[in-house]
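Asker: Build me a structure from this.
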Amino acid sequence: MERGVEAAAETQAGLAQTAALRLTYRPVTLDAFLPLPPRGFDVTTEYRLKPRPKRAFNTILDANRLLVPGSKGSLAFRSVGDGHIELATRYEIASGAIEEAFLMRRTSRGLESERLQRRMYDIDGETRRTEDVQFGIDLGLAPNTYPEVLLPLMLGWPAPQRTRAFYSWINDRMVSRVYVETKGNTTVELPGGTRAALELVLYPDLNDFVRVGGTVARLAKPLMPQYHLWVETEAPNRVLRFEGPYGPPGAPELIMELVE
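Answerer: This next block holds a predicted model:
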């Protein structure tokens, strides 16, 4: 009888502990959309680009060959009409420059991809490569699919979820689910001094590459390529520092720091 009472008490204690965990647990939002931007988002920001001193992975592509000393980049956000937002980027690279124009549509759920235009120039300014992607074509892509290189640059815009999941577009034949975790408030060292920041981490879903199940995927999380971001804690919530692969896993690893 006493053992039965003890078992019942243990069960009640276990249920109470589970209930407490549920109150503090914030579930993953699997169908997150990029939120609408905050006030004052339409600014142009300059960055310093440099190779990551210590690479996390032994990738074939090396940022020391992609960049040159003093390489710079810029991000420019602006409203286009009443219903669209554009992100224009430019990066200086050893062979010339890369420019991108990414158009997003405002919806009640957030931002949806509409068009990506990308051009690569040689050192003389001649166009050597062009790419034009229309996301409206029905290829079965989820509506919360965004270009893998540009997605991290918009993750600082405030969202209520601690952990979110998006789809990262590499090309029309390669789309991967990625998770974004908000780590919390911290500080970050920049060329202009120390700034208050919100730290975020982005990483791919291992199950997109090899079917391992949820438990193994969580255990393997520390081994997956991670993208680290530090963003402003207040509007316009610009990226202060980015560190990780410039693109999907296997891309050159670099650091991008705000310059003011």
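Asker: Tell me which stretches of this structure form helices.
Answerer: 2-24, 63-66, 213-219 (DSSP state H).
Asker: Tell me where the stretch 151-260 of the chain has strands.
Answerer: Along the stretch 151-260 of the chain, counting by DSSP state E, counting those that start in this stretch, strands occupy 163-171, 174-190, 193-204, 227-231, 239-245, 253-259.
Asker: would you turn these into JSON lines with distance to P147 and mean neighbour count?
Answerer: In short, each C-beta sits where N, CA and C put it, glycine included. Compiled in JSON lines, those are given as follows (distance: least, CB to CB, whole Å; neighbours: other CB atoms under 10 Å):
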{"stretch": "strand 163-171", "distance to P147": "5", "mean neighbour count": "19"}
{"stretch": "strand 174-190", "distance to P147": "11", "mean neighbour count": "16"}
{"stretch": "strand 193-204", "distance to P147": "13", "mean neighbour count": "17"}
{"stretch": "strand 227-231", "distance to P147": "14", "mean neighbour count": "23"}
{"stretch": "strand 239-245", "distance to P147": "14", "mean neighbour count": "22"}
{"stretch": "strand 253-259", "distance to P147": "16", "mean neighbour count": "21"}
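Asker: The ones you listed into JSON lines, with extra columns for mean pLDDT?
Answerer: As requested, the strands of the stretch 151-260 of the chain are arranged in JSON lines below (pLDDT from 0 to 100):
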{"stretch": "strand 163-171", "mean pLDDT": "90"}
{"stretch": "strand 174-190", "mean pLDDT": "92"}
{"stretch": "strand 193-204", "mean pLDDT": "94"}
{"stretch": "strand 227-231", "mean pLDDT": "95"}
{"stretch": "strand 239-245", "mean pLDDT": "95"}
{"stretch": "strand 253-259", "mean pLDDT": "95"}
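Asker: Rebuild these as JSON lines, extending it with distance to M104.
Answerer: Output for the strands of the stretch 151-260 of the chain, formatted as JSON lines (distance: least, CB to CB, whole Å):
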{"stretch": "strand 163-171", "distance to M104": "13"}
{"stretch": "strand 174-190", "distance to M104": "17"}
{"stretch": "strand 193-204", "distance to M104": "18"}
{"stretch": "strand 227-231", "distance to M104": "18"}
{"stretch": "strand 239-245", "distance to M104": "16"}
{"stretch": "strand 253-259", "distance to M104": "21"}
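Asker: Compare those strands and report which one is nearest to V133.
Answerer: Judged by CB to CB, the one of the strands of the stretch 151-260 of the chain that comes nearest to V133 is strand 163-171, at 7.9 Å.
Asker: still on that earlier bit, relative to D132, which of the strands of the stretch 151-260 of the chain is closest?
Answerer: Taking the strands of the stretch 151-260 of the chain one by one with CB to CB, strand 163-171 is closest: 12.9 Å.
Asker: Check the offset of the closest one from the chain's centre.
Answerer: Averaging C-alpha positions (CA atoms, centre = their mean, to the nearest Å) puts strand 163-171 8 Å from its chain's average.
Asker: How about stretch 157-169?
Answerer: Between the mean C-alpha point of stretch 157-169 and the mean C-alpha point of its chain there is a distance of 8 Å (CA atoms, centre = their mean).
Asker: what residues does that stretch touch?
Answerer: By CB atoms under 8 Å, 6 or more residues apart in numbering, the surrounding residues in contact with stretch 157-169 are 26-32, 34-38, 41, 113, 133, 135, 141-142, 144-148, 151, 175-182, 204-205, 237, 248.
Asker: quick revisit: can you say which of the strands of the stretch 151-260 of the chain is nearest to G156?
Answerer: For G156, the closest of the strands of the stretch 151-260 of the chain is strand 227-231, at 3.0 Å, according to CB to CB.
Asker: Residues touching the closest one, excluding its own?
Answerer: Where contact means CB under 8 Å, 6+ apart, the residues beyond strand 227-231 that reach it are 152, 155-156, 186, 188, 195, 197-203, 237-245.
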